[in-house]
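Visitor: sequence unknown, structure follows:
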């Protein structure tokens, strides 16, 4: 008969779960009551089958289980507080409990093994304690694992927020650099560029507050961004195609942007810059493919690579074993292939 200590972690506030103390122990108590009732019903010689004897048998059975429950609870408290710290207190306390329960079983009608000998009764009581202790350790293990999982979720949440906070100024820094270049070369187009940039920044800021966005919204933002870059650099050859699923596919916001920004930045140092982008998805899988050209001298262009580094961290945190990132360089062509699974 197990009894679990009333620790109150975060999960305790969940009404209908294992971590609700009263529900958990109530279900266990009910289980053992039903188990005892089943054993009584299967015993054809039990007084429960006699007319008028059912109430007495059920009442006595409930009291027996309650007494055993209290015994196991006190034993587990002794084990938790004294075993390994003060063996003498644990042994003395257990012997007193054992003796008390033995006497209750031997001299009162509230016992499991009233018709058995002292040895059988003693072994049975010991097994009850052992089973209760086993349930206690199962509960302790579940609770510790749950608290560890909760802490990991909190840490992951905080780290993702930190990475998103870093991504905002990174995006803005690149955008302002581009706007500065436009103001120098084509000052008459600057107002339109500012308007386009404000739309891009609005989506970037709003989406970064969310854990997930739809693939449809993300693709629409990418198209606007590529159009912005195309107007800024007419030499840039962009080929963007998609194979969109009819179902909604969610992903972390702005996940692809660091790859796209890097592709545009490094290809701009070539004579014929190009960017080939393909995004496809079905119900469970998304594939992102990107290719761009570059020069060795362009690779030395100063930059912090904060966006790309943060993206890799975000992938590890949010998708873990549900993603695959392959980056290759071959004869002046930089390729990125990212696969995500929901």
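Guide: That came through, no problem. Model, not experiment: these values are computed from the prediction.
Visitor: which residues of the stretch 1-150 of the chain fall in helices?
Guide: Ranges of helices in the stretch 1-150 of the chain, per DSSP state H, counting those that start in this stretch, are 21-42, 54-82, 87-107, 118-185.
Visitor: Show me the one of those helices that comes nearest residue 197.
Guide: helix 118-185 (5.5 Å; CB to CB). All C-beta atoms are positioned from the backbone trio N, CA, C, and that covers glycine.
Visitor: Quick one: mean pLDDT over the helix or strand following the closest one.
Guide: Counting by DSSP states H and E, the next helix or strand C-terminal to helix 118-185 is helix 190-208. For helix 190-208, mean pLDDT rounds to 79.
Visitor: Could you list the buried residues of helix 190-208?
Guide: 193, 196, 197, 200, 203, 204, 207, 208 (16 or more other CB atoms under 10 Å).
Visitor: hang on, isn't the fourth one packed against residue 228?
Guide: What it means is residue 200. Yes. With contact defined as CB atoms under 8 Å, residue 200 reaches residue 228; the gap is 6.5 Å.
Visitor: low pLDDT regions in this protein?
Guide: Scanning the chain for pLDDT under 70 picks out 1-22, 24-25, 40, 46-47, 52-53, 109-117, 147-172, 174, 298-307.
Visitor: what helix or strand is residue 335 on?
Guide: Residue 335 is part of strand 333-341 when elements are defined by DSSP H and E.
Visitor: Adjacent strands (with direction) for that strand?
Guide: Each strand paired with strand 333-341, and its direction, by DSSP bridges: strand 285-293 (antiparallel), strand 323-330 (antiparallel).
Visitor: Of all those strands, which one is nearest residue 104?
Guide: Distance to residue 104, taken as CB to CB, is lowest for strand 323-330 among the strands paired with strand 333-341, at 60.4 Å.
Visitor: gap between the closest one and the chain center?
Guide: 27 Å (CA atoms, centre = their mean, to the nearest Å).
Visitor: can you list contacts of the strand holding residue 335?
Guide: For strand 333-341, the external contacting residues (CB atoms under 8 Å, 6 or more residues apart in numbering) are 251, 256, 259, 262-263, 266, 284-294, 315, 319, 322-329.
Visitor: Need the winner for burial among the helices of the stretch 1-150 of the chain.
Guide: helix 54-82 (a mean of 17; mean count of other CB atoms under 10 Å).
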